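Novice: no sequence for this one, just the structure:
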């Protein structure tokens, strides 16, 4: 069956909480690296929406100037794609409104609330969804076959290290160390480790039952 190549590509990541099987619950998000530049937006609008070259740039500059002016005066500005409003932050800890003055307020950015129409347009996914083929986060840590293969490939010199295992497993450093250390524990450990200078060397433990 051919692999799906259209639709929104998504990544799978583990959450801090665990399910009934003891494994982390998962969540999804759009795959990294998918982005369009303003130049691409301009080119598309010039080619398919009848805008003249530089027209979109000019409109965006005017919008940024005028909306920015109104935001600086504290207004919420409503547009077809949503509304913009200034975000404020209170400096320090206060319990009495009388102690709060203008100098205690800090500009903290811009709040954007997309319009219903913009949400509907952005959510009109015509091609469905497709799973990213890359290993993401540390979800692969709970795939025994993937971890066994990564361990085997990292043992080319008869031992492995945390950085080397990271390369083959795709795990972050703390997770790679946790996984390797877990194989050194229990009644029937698969590995044993030796400290060499600033690094740990992990060796496969011989199976005495085969001797």
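Specialist: Great, that's in hand. Worth saying up front: this structure is predicted, and the values here are computed from it rather than measured.
Novice: now residue 94: how far from residue 113?
Specialist: 27 Å (CB to CB, to the nearest Å). In short, each C-beta sits where N, CA and C put it, glycine included.
Novice: So residue 24 sits against residue 175, correct?
Specialist: No. Taking contacts as CB atoms under 8 Å, residue 24 lies outside contact range of residue 175: 11.1 Å.
Novice: what's the helix or strand for residue 71?
Specialist: helix 55-72 (DSSP states H and E).
Novice: got the contact list for that helix?
Specialist: 38, 41, 42, 45, 46, 77, 79, 84, 85, 86, 110 (CB atoms under 8 Å, 6 or more residues apart in numbering).
Novice: Any regions of the chain where pLDDT drops low?
Specialist: Across the chain, the ranges flagged by pLDDT under 70 are 1-5, 133-142, 207-211.
Novice: What are the boundaries of the strands in it?
Specialist: 8-18, 24-30, 77-79, 82-90, 105-114, 129-131, 191-196, 199-204 (DSSP state E).
Novice: Identify each buried residue in the first one, please.
Specialist: For strand 8-18, the buried set under the neighbour-count rule, 16 or more other CB atoms under 10 Å, comprises 9, 10, 11, 12, 14.
Novice: now, which of those residues sits nearest residue 189?
Specialist: residue 14 (24.9 Å; CB to CB).
Novice: Would you mind measuring from the residue nearest to the closest one when sequence neighbours are not counted to residue 117?
Specialist: Nearest non-adjacent residue to residue 14, counting by CB to CB, 6 or more residues apart in numbering: residue 24, 3.6 Å away. Residue 24 is 37 Å from residue 117, where distance means CB to CB.
Novice: Looking at these two, which is more packed in?
Specialist: residue 24 (18 against 11; other CB atoms under 10 Å).
Novice: The more buried one bridge partners, please.
Specialist: residue 18 (DSSP bridges).
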